[in-house]
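> Provided below are the primary sequence and the corresponding predicted coordinates.
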Amino acid sequence: MKIELGNVTKKVFRDKYFDLWRSSFGNKPKCCDAWYEWLNYYCPTGINNSFVIKENNDFISGYGLLPITLNYNRQEHESTLCTNVMTHPEHGGKGLFTKIGAHALQTMKSLGKTIQVGIPNDNAIRGHMKVGWQRMPNLYFYQKTNFDTKYSKNNIGYKVIEKFDEIHDEWIARFHEKYNLYVKKDHKFLNWRYANHPLNSYTCIVLDNGETSVNGYVIIKSFTENNKTKIHIVDYAYLYESDLTRLLLAVDHYTNGKADLVNLWRFEDSNEIQFANAGYTKTENYDRLILFSDIKFDNDTSNWHIVLGDNDVY
């Protein structure tokens, strides 16, 4: 069995990739050309690195790593985000997950990708840890059902925009530079991730301080679960703590009458007071953050900014 870095732009690779995907996860809506192209080679940070193991020219295991740039302790690191890991169910128990993971991660390391990021599910966590990932503090699930609507839209000072522009880049950079670890973003990345997503619809709310000046943004997605309409905050960033409060008020104002609850994933210790004051309570649900790097990270994530929107691509 040979592990190779496949050419995602070739149709024959795409077709075999979808065959493996359907065998592993079922025939999901994401098994379509629009989503595949969006993820694999329209991302402004680079073409997805898709490793595969073949048997008789069929794909039996796959491992995807999407290029991103991380800033850690004021230094930029060329990095990747683990987007999809799968093994054909007929080939389970052969150690393919470990083999392809170790090969893919070491290849990225040799290419100068110094930090790899993953948020694996319960079934995948053990396989990831076997090849050297570091387990970080969890991203917990917070939610609220009562919305603060005593302020008007003008009092809060927000507007809904269709996309970001180049004029926003200076502000987007300032939103993130206060953190010890964050994913570097600009208008191209945010538009690719949200405005241009081929399957999901997102709403972008910005704090309105003029035509070119904004103090924060929040990206939300509406969905239905258990006969309830929910709003999920998938991304947010801001200048000052007071701007976070304004953003949460903007979500309340926009959401009122449109949903039964609002939720998001975040680190337990970050901005606890602002979220508590806004009515968010911690649940028992969480996602696991893991990092693969020669850097030894401590467990203090209170000044890290990782949002689920960065990983919600598979």
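Structure's in. What do you need?
> just confirm residue 90 is within a helix.
Yes. Under DSSP: H, G, I helix; E, B strand; the rest coil, residue 90 falls within a helix.
> how much space between it and residue 55?
Taking Cβ to Cβ, to the nearest Å as the measure, residue 90 falls 10 Å from residue 55. Any C-beta I mention is one placed from the backbone N, CA and C, and that applies to glycine too.
> of the two, who's got more company?
residue 55 (14 against 9; other Cβ atoms under 10 Å).
> low pLDDT regions in the stretch 201-314 of the chain?
Scanning the stretch 201-314 of the chain for pLDDT under 70 picks out 210-213, 313-314.
> at 80 instead, please
Where the stretch 201-314 of the chain drops to pLDDT under 80, the residues are 209-213, 269-270, 308, 310-314.
> where along it do the helices fall?
Assignment of helices within the stretch 201-314 of the chain using DSSP state H, counting those that start in this stretch yields the ranges 241-255, 272-277.
> those into JSON lines, with extra columns for mean neighbour count?
Formatted as JSON lines, the helices of the stretch 201-314 of the chain follow (neighbours: other Cβ atoms under 10 Å):
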{"stretch": "helix 241-255", "mean neighbour count": "21"}
{"stretch": "helix 272-277", "mean neighbour count": "14"}
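> could those go into CSV alongside distance to residue 155?
Output for the helices of the stretch 201-314 of the chain, formatted as CSV (distance: least, Cβ to Cβ, whole Å):
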stretch, distance to residue 155
helix 241-255, 9
helix 272-277, 17
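> need the strands for the stretch 201-314 of the chain, in chain order.
Taking DSSP state E, counting those that start in this stretch, the strands of the stretch 201-314 of the chain run over residues 203-208, 214-225, 228-238, 261-267, 281-287, 290-293, 304-305.
> nearest to residue 98, out of the ones you listed?
strand 290-293 (13.3 Å; Cβ to Cβ).
> and the one helix or strand residue 24 maps to, how far from the chain's centre?
Residue 24 belongs to helix 11-25 when assigned by DSSP states H and E. Centroid displacement of helix 11-25 relative to its chain, using Cα atoms, centre = their mean, to the nearest Å, is 23 Å.
> same for it, what does it pack against?
helix 33-41, strand 49-55, strand 58-72, strand 75-87 (3 or more Cβ pairs under 8 Å, 6 or more residues apart in numbering; DSSP states H and E).
> and the helices of the stretch 201-314 of the chain: which comes nearest residue 69?
Going by Cβ to Cβ, the one of the helices of the stretch 201-314 of the chain nearest residue 69 is helix 241-255, 23.8 Å.
> just to revisit the earlier point, and of the helices of the stretch 201-314 of the chain, who's closest to residue 68?
helix 241-255 (23.3 Å).
> just want the angle from the closest one to strand 214-225.
Helix 241-255 runs at 40 degrees relative to strand 214-225, counting by axes from the mean of the first three to the mean of the last three Cα atoms, to 10 degrees.
> export helix 241-255 to CSV, keeping only CA atoms.
What follows is helix 241-255, C-alpha atoms only, in CSV (Å, rounded to 0.1, in the frame of the first residue of the first chain):
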residue,chain,number,x,y,z
GLU,A,241,-14.1,44.3,25.4
SER,A,242,-16.9,46.8,25.1
ASP,A,243,-17.1,45.9,21.4
LEU,A,244,-17.6,42.2,22.3
THR,A,245,-20.6,43.3,24.4
ARG,A,246,-22.0,45.3,21.4
LEU,A,247,-21.5,42.3,19.1
LEU,A,248,-23.5,40.0,21.5
LEU,A,249,-26.2,42.7,21.7
ALA,A,250,-26.3,42.9,17.9
VAL,A,251,-26.8,39.1,17.7
ASP,A,252,-29.6,39.3,20.2
HIS,A,253,-31.3,42.1,18.3
TYR,A,254,-30.9,40.4,14.9
THR,A,255,-31.9,37.0,16.3
